[in-house]
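[1] please find the sequence and the predicted model below.
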Amino acid sequence: MSPSTPVSALTIAGSDSGGGAGIQADLKAFAAHRVHGLSAIAALTAQHTRGVTAVHVPPLPFLQAQLDACFDDFDIHAVKLGMLANADVIHLVADVLEQRCPTHIVLDPVMVATSGAKLLEDSALRAMRERLLPLATLLTPNTPEAELLLGRSIGNGDEAEDAAAALIEMGAGAVLLKGGHLLEGNRVVDRYFDGVSREEFSHVRLPVDAHGTGCTLASAIAAQLCCGLSLANACEAAIDYVARGLQGGYHPGRSEVMVLDHFGAAPSA
């Protein structure tokens, strides 16, 4: 990647006014990987390290204008999808992606809040299954999100492997099923499956309450794809990036919730 012709990555997601997750985390991750970051804001949130206090979904024509502006002027190698608040937003984004055909689409299906509350209406969940899953180069659900997509529980590692295969059958190109919600000793195991190859990426579970890890993982994968890594290698590199970000994490707010140190975690040139 030449400094004069940088590859761009686009995040289509929600904005986090607290700076720890969402669009803000995505752009930090892109920058840390020396990838030019673009953004189309699909939702505005008023939030901090203690929670979300308000959500505003911009009018669809404005989201369309943001997407057109990005695709009309930039070489977009990878798109990261995050918080898409309702079925209308999902259908619009899917229409644009089908028309523009970016090389890679990394779908982080933001559907379940940290509290366990379901964030999407049934119509939006159906739209995600039917419109976005078949477009995804890679799907990066956590366990509760995979359970919602599949309509069944996942309680152990064997069931997680079966779930990854079932998500491939639903149309995803590949799946990285995050293991943070599964209790597997003192390690977190993230499981990758692309229909042929399986990989397990394991890290020691850290005793921290962190914010923005899912957003950052998906955007770091998108950035690594921009840098030319294969899909499995991009997942491994991004998982390592998040682990380094957690090790250097800090507490900018008045809660105990940590945010990642993106630039301390940046890959060496």
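    Perfect, thanks for sending it.

[2] what about the closest residue in space to L182 that isn't next to it in sequence, neighbour count?
    With CB to CB, 6 or more residues apart in numbering as the measure, T143 is the residue that lies nearest to L182, at 5.8 Å, once sequence neighbours are left out. Bear in mind the C-beta positions are built from the backbone N, C-alpha and C, glycine included. When neighbours are counted by other CB atoms under 10 Å, T143 registers 20.

[3] how about the one 10 residues further on?
    Neighbouring residues of S153 were enumerated by other CB under 10 Å; the total is 11.

[4] touching, it and E147? I think so.
    Yes - between S153 and E147 there is a contact under CB atoms under 8 Å: 5.8 Å.

[5] what segments of the stretch 1-150 of the chain are helices?
    Per DSSP state H, counting those that start in this stretch, the stretch 1-150 of the chain carries helices over the ranges 22-32, 60-73, 87-100, 122-127, 143-150.

[6] export the ones you listed to a markdown table and tack on distance to G173 and mean pLDDT?
    A markdown table is the format used below for the helices of the stretch 1-150 of the chain (distance: least, CB to CB, whole Å; pLDDT from 0 to 100):
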| stretch | distance to G173 | mean pLDDT |
| --- | --- | --- |
| helix 22-32 | 20 | 97 |
| helix 60-73 | 21 | 98 |
| helix 87-100 | 13 | 97 |
| helix 122-127 | 18 | 89 |
| helix 143-150 | 15 | 94 |
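
[7] which residues touch V242?
    T213, T216, L217, A220, L260, A265 (CB atoms under 8 Å, 6 or more residues apart in numbering).

[8] grab the nearest non-local neighbour of it.
    L217 is the one closest to V242 (CB to CB, 6+ apart), at 5.1 Å.

[9] repeat that for T103.
    H77 (5.3 Å).

[10] A174 too?
    Counting by CB to CB, 6+ apart, D194 is the residue found nearest to A174 once chain neighbours are left out, at 3.8 Å.

[11] that neighbour: what's it in contact with?
    Listed by CB under 8 Å, 6+ apart, the contact set of D194 reads I168, G173, A174, V175, L231, A232.

[12] look up how far L133 lies from the closest residue to the fifth one other than its chain neighbours.
    By the measure of CB to CB, 6+ apart, the closest residue to L231 outside its immediate chain neighbours is A174, 5.6 Å from it. A174 is 12 Å from L133, where distance means CB to CB, to the nearest Å.

[13] intersection of neighbour lists for those two?
    Shared contacts of A174 and L133, counting by CB under 8 Å, 6+ apart, come down to L139.

[14] tell me which element L225 falls in.
    Using DSSP states H and E, L225 maps to helix 213-226.

[15] so after that helix, what's the next helix or strand?
    Counting by DSSP H and E, the next helix or strand C-terminal to helix 213-226 is helix 231-247.
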